[in-house]
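Asker: quick one, what's the 3D model for this:
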Amino acid sequence: MIAAQEFIGAAAAQGYTLYAGVPCSYLTPFINQVLNDGTLRYVGAVNEGDAVAIAAGAALGGRGAIAMFQNSGLGNAVNPLTSLTWTFRLPVLLIVTWRGQPDGAPDEPQHELMGAITPRLLELMEIPWRPFPAHASEIAPALAAAAAHLQRESRPFAFIMSRGAVSDTALEPRPLPHLPRAVAGATAITPQATRRQMLAAIQRGLQPEDLVVATTGYTGRELYALEDRPNQWYLVGSMGCAAGFGLGLALAQPRRRVLVLDGDGALLMRLGVLATLGAERPPNLLHVLLDNGMHESTGGQATVAHNVDFGTLATAAGYPTAALVSDPAQLTALVAGRTAGLHFVHVPIRPGVPEALPRPQQSPVEVAARFRAHLHGSD
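Answerer: From the prediction side, this is the model:
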């Protein structure tokens, strides 16, 4: 195990001063150290492909750049890694975490396949790689190997980071910038309730025939902990895909109402889905955004949600209505009202996670089988 500063300091000495990334719990010490260092720049990308593109642009401009993200999002980066950095020969250093590492620590089921193929996927894209340095003595040789390839080929090189490679680093508190909005009439409210309180409010307004899609992370886990129901789908992995998944479900089940319980980090990752939903306008979908302004399940790093008027975005993308709700009772009434049409509800919430939060006892395959059985049994 190394200290984050040991690698970051050595990388800075070689000119790497910009980091673009998507949070992963393995990367938390790294991200925190970069954010704490006033001489470095961290750009929080909304998806892994954007992280690569940001780093590639910096490299083109002459600034040493590192793109870092979880291997489960490596697929999101395939396009820019094969059509941007390879085509234009842009030397980007990658740090890809190795969730689901074979023979490694037990991990969640969504990481099993990507964990097995991560090295081969990099090799298929002609990206050489080596393990992220586990000891301080390995840092200089690792960076030297990367530098040799980047200078020779002017194309990406990757480090694959295993669990526990970097020791913890605390994030120093800092205020978030509040930029002026170009959209007139944008509204902000102070969050009053927690995610748990708002999820309980939603459950109180549901009918048995309703179908619920909960985004990955704490949303699905807290919904499960409140009350496990067969009509609740707990998404794992697939970050940002809840709304698209809910759209398909709503189109396939037009006589049922579908509620998508989204998160700010997840929605930002696939923000274009708003336009797809706005164009399709399923009359049976309620899109609820639980917005705590952070990637809470991967270390608490801030998203850019504090500077986004999600309701205006939704209506601009074609949603007929958008509401801003801060009171649990108001949210229960809205869910229970069952107004036909596509609706967007922005729900600012306070951060916080209940202690000893359980994970669903059912495997994803079992959740799917139960959900299908519920659909057929309630027809």
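Asker: near Ala13, how many other residues are there?
Answerer: 10 (other CB atoms under 10 Å). Just so you know, the C-beta spots here come from the backbone N, C-alpha and C atoms, and that holds for glycine as well.
Asker: mind listing what it touches?
Answerer: Going by CB atoms under 8 Å, 6 or more residues apart in numbering, Ala13 touches no other residue.
Asker: also the one 5 residues further on?
Answerer: For Leu18, the set of contacting residues under the criterion of CB under 8 Å, 6+ apart consists of 40-41, 43, 54-55, 58, 63-66.
Asker: and the protein, what are its domains?
Answerer: 4-161, 195-377 (automatic domain parsing).
Asker: now do the shortest one: distance from first to last residue.
Answerer: Going back to what we said before, that points to domain 4-161. This stretch, domain 4-161, spans 12 Å end to end (CA to CA, to the nearest Å).
Asker: repeat that for the longest one.
Answerer: Taking CA to CA, the span from the opening residue of domain 195-377 to its closing residue is 30 Å.
Asker: quick one: the helices in the stretch 251-379 of the chain, in order.
Answerer: 264-269, 273-280, 310-316, 328-337, 364-377 (DSSP state H, counting those that start in this stretch).
Asker: now the shortest one, how far from the chain's geometric center?
Answerer: Average the C-alpha atoms of helix 264-269, do the same for its chain, and the two points are 6 Å apart (CA atoms, centre = their mean, to the nearest Å).
Asker: same deal with the last one?
Answerer: Taking the mean of its C-alpha atoms, helix 364-377 sits 26 Å from the chain's own mean (CA atoms, centre = their mean).
Asker: sorry, back to before: redo the helices of the stretch 251-379 of the chain as a markdown table? Include distance to Arg256, mean pLDDT and mean neighbour count.
Answerer: Compiled in a markdown table, the helices of the stretch 251-379 of the chain are given as follows (distance: least, CB to CB, whole Å; pLDDT from 0 to 100; neighbours: other CB atoms under 10 Å):
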| stretch | distance to Arg256 | mean pLDDT | mean neighbour count |
| --- | --- | --- | --- |
| helix 264-269 | 23 | 95 | 25 |
| helix 273-280 | 16 | 93 | 17 |
| helix 310-316 | 22 | 94 | 20 |
| helix 328-337 | 14 | 97 | 17 |
| helix 364-377 | 8 | 91 | 14 |
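Asker: can you say which of the ones you listed is nearest to Val92?
Answerer: helix 264-269 (19.8 Å; CB to CB).
Asker: touching that closest one from outside, list them.
Answerer: With contact meaning CB under 8 Å, 6+ apart, helix 264-269 is reached by 22, 46-47, 215-217, 239-240, 242-243, 273-274, 289-295, 303-305, 308, 310.
Asker: okay, now the residue found closest to Gly352 once you drop the neighbours it is linked to in the chain: neighbour count?
Answerer: In space, not counting the residues next to it along the chain, Gly352 is nearest to Thr194; the distance is 5.0 Å by CB to CB, 6 or more residues apart in numbering. Using other CB under 10 Å, Thr194 has 19 neighbouring residues.
Asker: residue contacts, Thr194?
Answerer: Contacts of Thr194 (CB under 8 Å, 6+ apart): 349-352.
Asker: ok, back up a step: what would the helices of the stretch 251-379 of the chain look like in TSV with distance to Leu84?
Answerer: Putting the helices of the stretch 251-379 of the chain into TSV (distance: least, CB to CB, whole Å) gives the following:
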stretch	distance to Leu84
helix 264-269	19
helix 273-280	23
helix 310-316	26
helix 328-337	42
helix 364-377	33
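Asker: straight-line length of stretch 285-303, end to end?
Answerer: By CA to CA, the extent of stretch 285-303 from end to end equals 25 Å.
Asker: okay, now the unreliable bits of the stretch 51-200 of the chain?
Answerer: Applying pLDDT under 70 to the stretch 51-200 of the chain flags residues 177-188.
Asker: if we go to 50?
Answerer: In the predicted model of the stretch 51-200 of the chain, residues 181-186 satisfy pLDDT under 50.
Asker: now intersect the contacts of Leu18 with the strands, please.
Answerer: Those of the contacts of Leu18 mapping onto strands are 41, 43, 64-66, per DSSP state E.
Asker: buried ones only from these, please, as a PyMOL command.
Answerer: Filtering these down to the buried ones (16 or more other CB atoms under 10 Å) takes a single PyMOL command:
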select buried, resi 43+64+65+66
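Asker: pick out the most distant pair among the ones in strands among the contacts of Leu18.
Answerer: Most distant of those, by CB to CB, are Val43 and Gly64, 13.7 Å apart.
Asker: next, count neighbours for Pro230.
Answerer: Pro230: 15 neighbours (other CB under 10 Å).
Asker: so what's it closest to, chain neighbours aside?
Answerer: Distances taken as CB to CB, 6+ apart place His374 nearest to Pro230, at 4.0 Å, with adjacent residues excluded.
Asker: hmm, back to that, dump the domains of the chain to TSV, plus distance to Leu171.
Answerer: Putting the domains of the chain into TSV (distance: least, CB to CB, whole Å) gives the following:
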stretch	distance to Leu171
domain 4-161	4
domain 195-377	7
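Asker: out of the helices of the stretch 251-379 of the chain, which gets nearest to Gln110?
Answerer: From the helices of the stretch 251-379 of the chain, taking CB to CB, the stretch that ends up closest is helix 364-377, at 7.3 Å.
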